[in-house]
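> quick one: sequence and predicted model below, then my questions.
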Amino acid sequence: MDWDASPTWSGYVYQGKVAIYHMLKVICERLEKGEKCPIEYSKDQSSNKLAECHNYLMELEKVEDFSIKDKFQNYLTLHQVKAYKTQEISHYRKAILKLVQNTNSFSNSKGYLHLIKEVPITYGNSNISTYEYIINGTIKNYCGLEEIEQLIKEKIIKIKYLLKNETLATFDTEVIYLYFMNVIDQIVRERHKNIDDFGRGNFIVAPYPFCSLCELLNTIEMERDLYYTNKLKSKFIKKFEEYYYIILEVKRRLLQEINTDVQIACTSEKNFKLHKYMCQLWNYYGTKEKFSSFCKMVTPEHKTNEKLNDDDYRALIPDNLLAEFYFPTTELLVNSTAKAKNNGVFIINQKKYIITNITKPNLNGLCSEEEEKLFKKIHEDLLRKKILNNPSNIDLLYEVDALITKEINLDRIYDDSFCDVSELYVNELENELDGGRLKNNIVHIKEDIEIISLDKLKERLNK
């Protein structure tokens, strides 16, 4: 059983980044030879010849992981991308054999194996080789996830300079990079939307033209709201990649000691359920508007600005809580008796639950027991008021019965007495809250919404 992440959603994202990088590399090489991008060529027809690659197409998941075709639909290069963490050559034999067969089938084509780790592979076929990357001035036959991101950004800067003799600022480079990641995201969602319970489906998506990347580089002006949404999406994907690899690697090592087919099959099924559910969640919230709603739903105490900004980026789906709480709790629920909905809602005994990023401050024993009780009361009151006064929650929490948190338990979100004890403190801490809107929101949000801790959730699931 192969426990690496190549067949997973995260592996597919790496594959998409490699494809984008290769396209940018080809475009950059052509421009450096004096050929012209179609955008620039249209301005000066007497200039050097038009870059042939503007008619190229990147074909995903058909003959190979991705392939490059010319305008006559001839295959030029075929690419296998393997995000395996292992360096054992046996894991790559099937991919190499397929690459050899396909390059032999298409005359004048070359085959490349892309690796995330260094693997000493020798090829008997001159048309096949391991793809080489130049990383910090050194030629390597592998490229990690962090490195491929940096290489993409370097090519973006280089092509922009070659096209317009402009040096991109760091922010502008990040904007374009995230836009390209949005292109990958659209392809990933298209790739996964028809996957069935056994991981089968129609995976073929339409070829992506090289000229589209040049057009994006030349004309892109991303609004800040879309920039921060794409940045949040990129963070969410990256954190899931890391989490999913860790659980696979931990279970692989444990199973090496146990080494029983029954337990391997059982663990495999649990992993697949988590992966499949995250694909469904991603498909549901893939667009800018929907993903923004998802972020607000799982962070219901944060009142976002009309246009997302740096404060919103830091507050929505915090890095540490994704790996420590959101993903593990999702894994728990998808492998339980709870009914998982594609929109992030879980139904348990006819009650609708959502996982949130709500957490409580850690006092680390810095105050007395009496002070800690008062602080807890103030925090709970403030939390209630934030959620009830957040206009975004009117729609997002309309049908929710319970908010799952890491360690907070409240029987109901609205309590007639919650303003009495700490009204002064709440007003000092949150003077921008509009108390007059509190009752209006309660009409739209259930008064008996429960806030439940993970420990209490586990008790209910075990009943």
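On my side now, so go ahead. Numbering: from 1, shown residues only.
> OK, contacts around Ser336?
By Cβ atoms under 8 Å, 6 or more residues apart in numbering, Ser336 lies in contact with Leu461. The way it works is simple: take the backbone N, C-alpha and C, and place the C-beta from them, glycine included.
> tell me the pLDDT of it.
Looking at Ser336, its pLDDT stands at 92.
> let me know the secondary structure of it.
Here Ser336 is recorded as coil under DSSP: H, G, I helix; E, B strand; the rest coil.
> adjust the sequence numbering to begin at 50 for everything that follows.
Okay, residue one is now 50; in that scheme the one you just asked about reads as Ser385.
> please report the distance of it from Ala218.
Separation of Ser385 from Ala218 (Cβ to Cβ, to the nearest Å): 48 Å.
> neighbours around Lys322, how many?
Look at Lys322: counted by other Cβ atoms under 10 Å, it has 16 neighbours.
> part of a helix, is it?
Yes - counting by three-state DSSP, Lys322 is found in a helix.
> where does the protein have low pLDDT?
50-61, 85-103, 174, 237-255, 267-273, 297-320, 412-415, 443, 464-496 (pLDDT under 70).
> do a quick rundown of the strands in it.
Using DSSP state E, the strands of the chain run over residues 106-109, 115-118, 124-131, 159-164, 177-179, 182-184, 187-189, 257-258, 388-389, 394-397, 400-404, 451-454, 499-502.
> so for Met346, which of these sits nearest?
Closest approach to Met346 among these (Cβ to Cβ): strand 400-404, 6.3 Å.
> tell me how far the most centrally placed residue in the chain lies from Val394.
Centroid-nearest residue in the chain, with Cα atoms, centre = their mean: Ile286, separated by 1.7 Å. Ile286 sits 21 Å away from Val394, going by Cβ to Cβ.
> Asp234 too?
22 Å.
> what about the two, which has more around it?
Neighbours per residue (other Cβ under 10 Å) separate Asp234 from Val394, with Asp234 holding more: 21 against 17.
> measure that one to Lys284 for me?
13 Å.
> can you check Glu499 too?
Applying Cβ to Cβ, the value for Glu499 to Lys284 is 29 Å.
> same check on Asp274?
Distance from Asp274 to Lys284, counting by Cβ to Cβ: 16 Å.
> any chance of the strands of the chain in TSV, with distance to Glu420 too?
Compiled in TSV, the strands of the chain are given as follows (distance: least, Cβ to Cβ, whole Å):
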stretch	distance to Glu420
strand 106-109	59
strand 115-118	60
strand 124-131	56
strand 159-164	56
strand 177-179	62
strand 182-184	53
strand 187-189	56
strand 257-258	59
strand 388-389	41
strand 394-397	36
strand 400-404	31
strand 451-454	22
strand 499-502	22
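> wait, which of those strands is closest to Thr379?
Nearest to Thr379, of the strands of the chain and by Cβ to Cβ, is strand 400-404 at 6.3 Å.
> which elements pack onto the closest one?
The contact analysis (3 or more Cβ pairs under 8 Å, 6 or more residues apart in numbering; DSSP states H and E) places strand 400-404 against helix 337-347, helix 376-383, strand 394-397, strand 451-454.
> CSV for the ones you listed, including distance to Asn511?
What follows is the helices and strands packed on strand 400-404, written out as CSV (distance: least, Cβ to Cβ, whole Å):
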stretch, distance to Asn511
helix 337-347, 24
helix 376-383, 11
strand 394-397, 12
strand 451-454, 15
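> which one of these is the most hemmed in?
strand 451-454 (a mean of 24; mean count of other Cβ atoms under 10 Å).
> let me know whether Leu200 touches His71 as I believe.
No - the criterion here is Cβ atoms under 8 Å, and Leu200 misses it with His71 at 10.1 Å.
> contacting residues for Lys74?
Per Cβ under 8 Å, 6+ apart, neighbours of Lys74: Lys204.
> what's the answer for Leu452, then?
Pro349, Tyr402, Ile403, Thr405, Ile407, Leu446, Ile462, Ile498, Glu499, Ile500, Ile501.
> same thing with Thr278?
Lys337, Phe340, Ser341, Leu357.
> quick check, nearest of those to Glu167?
Phe340 (35.3 Å).
> any figure for the gap between that closest one and Asp497?
Phe340 is 29 Å from Asp497, by Cβ to Cβ.
> cool, Gln399 as well?
Note on Gln399: its distance to Asp497, by Cβ to Cβ, is 14 Å.
> tell me where the stretch 100-249 of the chain has helices.
142-154, 194-213, 219-241 (DSSP state H, counting those that start in this stretch).
> out of those helices, which gets nearest to Tyr326?
helix 219-241 (11.5 Å).
> in terms of secondary structure, what does that closest one contact?
Against helix 219-241 (3+ Cβ pairs under 8 Å, 6+ apart) you get helix 58-81, helix 194-213, helix 259-268, helix 273-307, helix 310-333.
> among these, which comes closest to Leu371?
Set against Leu371 and scored by Cβ to Cβ, these come closest in helix 273-307, at 4.3 Å.
> still on that earlier bit, in CSV: the helices of the stretch 100-249 of the chain, plus distance to Ser175.
Below are the helices of the stretch 100-249 of the chain laid out as CSV (distance: least, Cβ to Cβ, whole Å):
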stretch, distance to Ser175
helix 142-154, 10
helix 194-213, 26
helix 219-241, 31
